[in-house]
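In: requesting a structural model of the entry that follows:
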Amino acid sequence: MGTAERQEAPGSGVEAAVSTAPRRQEARVHDIPAGSDMPSGRGATREESYQPLWVEEPARRRRLPDPVRNSAVRAVLIIALTLLQAMVAFLCTLAGSWLAFPMVVSSVASTVVATWGALDVWVTRQVWNQRHGVVSTPSSTARALRRERRKARRQARVAERTQERIRRQGGTGRLSHS
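Out: Predicted coordinates for the structure are as follows:
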């Protein structure tokens, strides 16, 4: 159900499905209570015309883990401050203020810090995935290479066992078994 199709049932506190029929379009003045003196003459009460501003729906994606979310928030704040600082440096340069040079130098330093913040989000996410069991499946070419290596090792073991069996039977260094 979409947001337009949900409505809270009056008095029950439980969400109920509403038909997808188009809703009536009435001009509502917030100072005038809804009632029988309305121009449409339908006599809707205040409880019947109540519609919540929004209805919460379940998220489509899972939320980020706490450490990743913390580093993302930190990176966004640093980047926002860097952009603000760069804008102030630009305006100071246009105005010919003495503050222009220190602001430009600090903007360059802030750009380095903002880059670090963005990389921090990426590294934190990778570490989280590695530590908390996100399974990565190898590509089909990696599987094929491993399969070939296993087959070669098996063949080498079989050949080694065959040679060992021949040695144990005592057939080495003799021309006859007598």
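
In: now the strands for the protein?
Out: 6-8, 15-17 (DSSP state E).

In: mind listing the helices for the chain?
Out: 46-49, 66-95, 100-131, 140-168 (DSSP state H).

In: dump those to TSV, plus mean neighbour count, distance to Ala59 and mean pLDDT.
Out: No exception for glycine: its C-beta is placed from N, CA and C like everyone else's. What follows is the helices of the chain, written out as TSV (neighbours: other C-beta atoms under 10 Å; distance: least, C-beta to C-beta, whole Å; pLDDT from 0 to 100):
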stretch	mean neighbour count	distance to Ala59	mean pLDDT
helix 46-49	12	30	65
helix 66-95	15	13	95
helix 100-131	15	18	94
helix 140-168	10	33	88
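
In: those helices into TSV, with extra columns for distance to Glu57?
Out: Shown next, in TSV, are those (distance: least, C-beta to C-beta, whole Å):
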stretch	distance to Glu57
helix 46-49	23
helix 66-95	20
helix 100-131	26
helix 140-168	38
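
In: now Arg149: how far from Val158?
Out: Distance of Arg149 to Val158, given as C-beta to C-beta, to the nearest Å: 15 Å.

In: nope, Gln85 is what I was after
Out: As judged by C-beta to C-beta, Gln85 and Val158 stand 70 Å apart.

In: with Val88 instead?
Out: Computed with C-beta to C-beta, the distance linking Val88 and Val158 is 75 Å.

In: again, but for Ala75
Out: For Ala75 relative to Val158 (C-beta to C-beta), the value is 56 Å.

In: what lies in contact with stretch 100-113?
Out: Stretch 100-113 is contacted by residues 78, 81-82, 85-86, 88-89, 92-93 when judged by C-beta atoms under 8 Å, 6 or more residues apart in numbering.

In: wait, which of these is closest to Ala118?
Out: Nearest to Ala118 out of those is Ile78 (C-beta to C-beta; 8.6 Å).
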